[in-house]
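A.B. asks: Show me how the following folds:
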Amino acid sequence: MKKIQMVDLKSQYEKIKDTVNASIQEVLDTNTYINGPQVQKFQKALEDYLGAKHVIPCANGTDALQIAMMGLGLKPGDEVITADFTFAATVEVIALLQLTPVLVDVEADSMNISIEALKKAITPKTKAIVPVHLFGRAANMDAIMEIANAHNLYVIEDNAQAIGANYTSKNGSKKKVGTIGHVGATSFFPSKNLGCYGDGGAIFTNDDALAHTLRGIVNHGMYVRYHHDVVGVNSRLDSIQAGVLNAKLPLLDSYCQARKEAAAKYNAAFANHKNIVIPSFDLNGDDHVFHQYTLRIINADRNGLMDHLLSKEIPCAIYYPIPLHSQKAYLDVRYKEEDFPVTNQLVQEVISLPMHTELDDEQIKFITDSVLEFLK
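C.D. replies: Numbers count the residues shown, from 1 in each chain. Have a look, this model is predicted:
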């Protein structure tokens with residue numbers, strides 16, 4: 001059996017190496033390392049794929065979130081609501097901009113932001129909501145947009161883990177996740193469903209004026225060289241990474257499908273086990289693209305299971321072991337433990353198994369058998 005990887009980028013690369021290498025070689029041959037033709041090509045291709053009017057490439061996913069907030073003109077002290085159960089980058093940029101983070105609990109089934117907790121957190125100072133499409137699963141955007149519209153709030157979608165997912169509204173319309181709110185942000189970190197071979201990110205919006213502002217911010221506030229019209233940053237997707245993404249973008253849907261098929265095999269093996277809560281999804285649906293395959297281990301030793309898997313050279317991880325409201329950097333007297341019952345439970349239960357496009361049946365069987373062996 002081939003060695004199991006948490007994310008097997010090497011095997012994926014072997015299948016596309018000619019296309020990737022040709023894209024990189026073009027950059028080297030033309031010496032267009034910043035904002036070159038590969039970047040322009042990728043921007044247009046991603047706009048077409050997402051059905052978004054504007055894609056603004058940038059240096060990484062964290063920058064994408066920060067620049068989106070800068071572009072919306074949020075001011076120090078403005079409150080921004082986001083989920084407590086997610087990676088720190090989401091709240092990090094809020095704090096960096098001297099905005100006020102407001103963390104709320106998540107839902108147990110989807111692990112995405114709780115709509116009821118969101119409603120309760122709104123105050124006269126609230127200016128924006130940042131839903132995180134966690135682990136590749138779309139948040140409840142119908143409810144989020146209804147709340148935002150009722151309170152005149154911005155919605156900034158953190159789509160770092162769910163590019164390729166679709167959201168079907170209750171009226172039957174379908175949109176790519178990340179294009180529903182006022183602005184979306186994503187990451188092209190190598191392990192993402194659409195990942196480059198370094199850092200990369202992008203912002204998307206259908207708002208012409210906002211897009212113009214964002215394009216200036218990513219490039220030192222310049223629209224004309226040495227004319228700085230807005231306060232900006234240096235955050236550009238380099239051409240070599242764009243070349244990698246150009247090779248991968250046409251394969252994104254097939255990558256997401258491979259992940260869903262692997263998840264379905266995991267689910268079949270774990271179905272109805274008294275100690276395992278599996279992620280619910282429809283194999284024929286498209287609102288979950290499984291950036292991670294995350295189980296909840298209940299009434300059993302989650303940490304012991306992790307040690308057992310690692311002893312068999314099966315990589316696994318806990319995303320995320322400490323809630324944001326308990327992190328030293330984001331401690332706040334406003335937060336009470338009773339406000340985060342689901343998050344506090346999830347951090348004790350979740351474990352993520354290997355998930356990528358190259359998983360084969362032999363590997364999945366070895367992984368699932370090993371989990372069941374421990375939880376017998």
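A.B. asks: show me where the stretch 101-250 of the chain has helices.
C.D. replies: All helices of the stretch 101-250 of the chain, identified by DSSP state H, counting those that start in this stretch, fall at 115-121, 141-151, 208-217, 239-248.
A.B. asks: after the longest helix seen in the chain comes which helix or strand?
C.D. replies: The single longest helix within the chain, with elements called by DSSP state H, is helix 9-30. With elements assigned by DSSP states H and E, the helix or strand that comes after helix 9-30 is helix 37-50.
A.B. asks: After that next one, which helix or strand is next? Please name it.
C.D. replies: Sequence-wise, the next helix or strand downstream of helix 37-50 (DSSP H and E) is strand 54-58.
A.B. asks: can you give me the angle the next helix or strand after that following strand makes with strand 54-58?
C.D. replies: Tracing the chain past strand 54-58, the next element assigned as helix or strand by DSSP H and E is helix 61-71. Here the directions of helix 61-71 and strand 54-58 differ by 130 degrees (axes from the mean of the first three to the mean of the last three CA atoms, to 10 degrees).
A.B. asks: So for the longest helix of the chain, what gets flagged as buried?
C.D. replies: Of the residues in helix 9-30, those with enough neighbours to count as buried (16 or more other CB atoms under 10 Å) are 12, 13, 19, 20, 23, 24, 26, 27. Any C-beta I mention is one placed from the backbone N, CA and C, and that applies to glycine too.
A.B. asks: And the strand or helix carrying residue 257, what's buried?
C.D. replies: Assessed by DSSP H and E, residue 257 sits inside helix 252-270. Within helix 252-270, the residues that qualify as buried by neighbour count (16+ other CB under 10 Å) are 252, 255-260, 262-263, 265-267, 269-270.
A.B. asks: Quick one: residues contacting the nearest residue to residue 117 once chain neighbours are set aside.
C.D. replies: By the measure of CB to CB, 6 or more residues apart in numbering, the closest residue to residue 117 outside its immediate chain neighbours is residue 104, 3.9 Å from it. Contacts of residue 104 were listed using CB atoms under 8 Å, 6 or more residues apart in numbering, and they are 81, 82, 83, 84, 113, 114, 117, 118, 120, 121, 339.
A.B. asks: what about residue 125, how many neighbours?
C.D. replies: The burial metric for residue 125, expressed as a neighbour count using other CB atoms under 10 Å, is 12.
A.B. asks: Also residue 41?
C.D. replies: Other residues near residue 41 come to 18 when the count uses other CB under 10 Å.
A.B. asks: For it, give me its contacts.
C.D. replies: Residues touching residue 41, when contacts are defined by CB under 8 Å, 6+ apart, comprise 242, 246.
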